[in-house]
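>>> Requesting a structural model of the entry that follows:
(3 chains)
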Amino acid sequence: MNPDTVIDAVSAVFMVTGALMSLAAAIGLLRFPDLMSRMHAATKPQVLGLFLLLAALGLQMRTWSVWPVLLVAWLFQLLTVPVSAHMVGRAGYRTKHLHPELLSSDELEAVVQKAAQQAATHGADDDDR
Amino acid sequence: MMQTVLTVTAVVLSLAAAGAIVRIARGPSLLDRVLAADVLLAIFGAALCIDMAANRHLNNLMLLVAISLIGFVGSVTVARFVADRREGVRES
Amino acid sequence: MNRKRISLRQELPLLVWLVFVWGALWQNFSPGNLLFGALIAVLVARIFYLPPVELGGRFNVLRAVPFALIFLGKVVAASFQVLYLAVVRGPNVVSAVVAVPLRSHSDLLVTATGHVISLIPGSLVVEVDRSTSTLYIHGINVRNAEDAAKLRKEVRDTEAGLIRIMGTKAELSALTLETAA
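Next up is the predicted model:
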């Protein structure tokens, strides 16, 4: 067995799994009932999928000099994906996208209501964090 | 072997893109659509990556980074816009 | 500029990161290129001034490497969990929003914990209360109080790991006191 076939096989497995992760995201988008659980489907497989595909790319290029740039590309993804997921989730929670019947408990609800009451009594808008 | 891998990934990614497009079309709210559009961009990125790996070049790498940044900026902007509009309604 | 200047030592991690990105983008780590990159990094850091990130002043590499490996494993597990839930449970999945108070009040640690939490299985940050440094986390497939407790423990453990890597000395000693008790 020469190393070339091994590397090819590994990168082939990575590529197919990475593509499957995109499919997992799509299945999750279609089948999950509310915005929040769809967000889980949209973020996590995306990160792993890009990791696997970049690794396959690095293996196929057969040089070490491409790995840093691949790492940077993945790290950008790693830093941006949670932020955008958080922003969408926060907006979704504030605009009442959550279906209470799908939650087993909601510990933010009480806090939000208390803050809304406080804002109503003080009349001050301190909600621009 | 590379040919089989390409066929399999092409089929899988097409199915995934179709799923994301269905969610964009159906999605009950704006945020659902933004999320699905983000996933669609990620699928494009995956396709670019596979093309690079199969043909052993790096021409699309910057395009890949740009696509993921556009997805990020887009979803953050829309999320802010949705949240702000809602707060404005509540105040008035 | 009349704002407080940051010391070079505080800025160093940012500069090193910028030089690394520069070298990686050119795919060329020769000394000349790195020097030019360092020049640009200093210029960028001076012109586009941002509030400094308050680092804890220490970084434990020995703890960071296993943490990174475990994190990578969890990212893999998270994706397969989402795949499993999407295929098997689908529309019947039950979630919860759980409040988790954190130990640390530093912005960097809360942000880092939030990032890591968003990428490990079954949790996503919905809201952050900075004054009490509480994270409100949406957990997927959290059906009862037991699952919620498990999620809370997971978050607290992640934070503990991050404190061990880059928390301040005070946070670290508080953590060792807590685990010893």
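
>>> From C:Leu102, how far out is the nearest residue to B:Asn60 once chain neighbours are set aside?
Among residues not flanking B:Asn60 along the chain, B:Leu48 sits closest, at 4.3 Å (C-beta to C-beta, 6 or more residues apart in numbering or on different chains). For every residue, glycine as well, the C-beta is placed using N, CA and C. According to C-beta to C-beta, to the nearest Å, B:Leu48 stands 38 Å off from C:Leu102.

>>> of the two, who's got more company?
Taking neighbours as other C-beta atoms under 10 Å in any protein chain shown, B:Leu48 and C:Leu102 compare with C:Leu102 leading, 22 against 18.

>>> is it true that the more buried one touches C:Ile137?
No: the criterion here is C-beta atoms under 8 Å, and C:Leu102 misses it with C:Ile137 at 10.9 Å.

>>> what is in contact with the two at once?
Common contact partners of C:Leu102 and C:Ile137 (C-beta atoms under 8 Å, 6 or more residues apart in numbering or on different chains): C:Val155.

>>> Which residue, neighbours along the chain excluded, lies closest to residue 26?
Picking chain A for this. A:Ala26 sits nearest to B:Gly19 (C-beta to C-beta, 6+ apart), 3.1 Å away.

>>> That was the other one, I meant chain C.
Closest residue to C:Trp26 apart from its sequence neighbours, by C-beta to C-beta, 6+ apart: C:Asn33 at 5.9 Å.

>>> Just the mean pLDDT for the biggest helix by length in chain B, thanks.
In chain B, taking DSSP state H as the definition, the longest helix is helix B:61-91. Average pLDDT, helix B:61-91: 77.

>>> Could you tell me which residues within that helix count as buried?
In terms of neighbour count (16 or more other C-beta atoms under 10 Å in any protein chain shown), helix B:61-91 has its buried residues at B:61, B:64-65, B:67-68, B:71-72, B:75-76, B:78-79, B:82-83.

>>> hmm, which two among those are most spread apart?
Taking C-beta to C-beta, the two most distant members of the buried residues of helix B:61-91 are B:Leu61 and B:Ala83; they sit 33.6 Å apart.

>>> mind checking pLDDT for the spatially most central residue of chain C?
By C-alpha atoms, centre = their mean, the mean C-alpha position of chain C lies nearest to C:Ala112, the distance being 1.8 Å. Each residue has a pLDDT score; the one for C:Ala112 is 87.

>>> Which secondary structure element is home to the residue most central in space within chain B?
Centroid-nearest residue in chain B, with C-alpha atoms, centre = their mean: B:Leu41, separated by 2.2 Å. Using DSSP states H and E, B:Leu41 sits within helix B:30-55.
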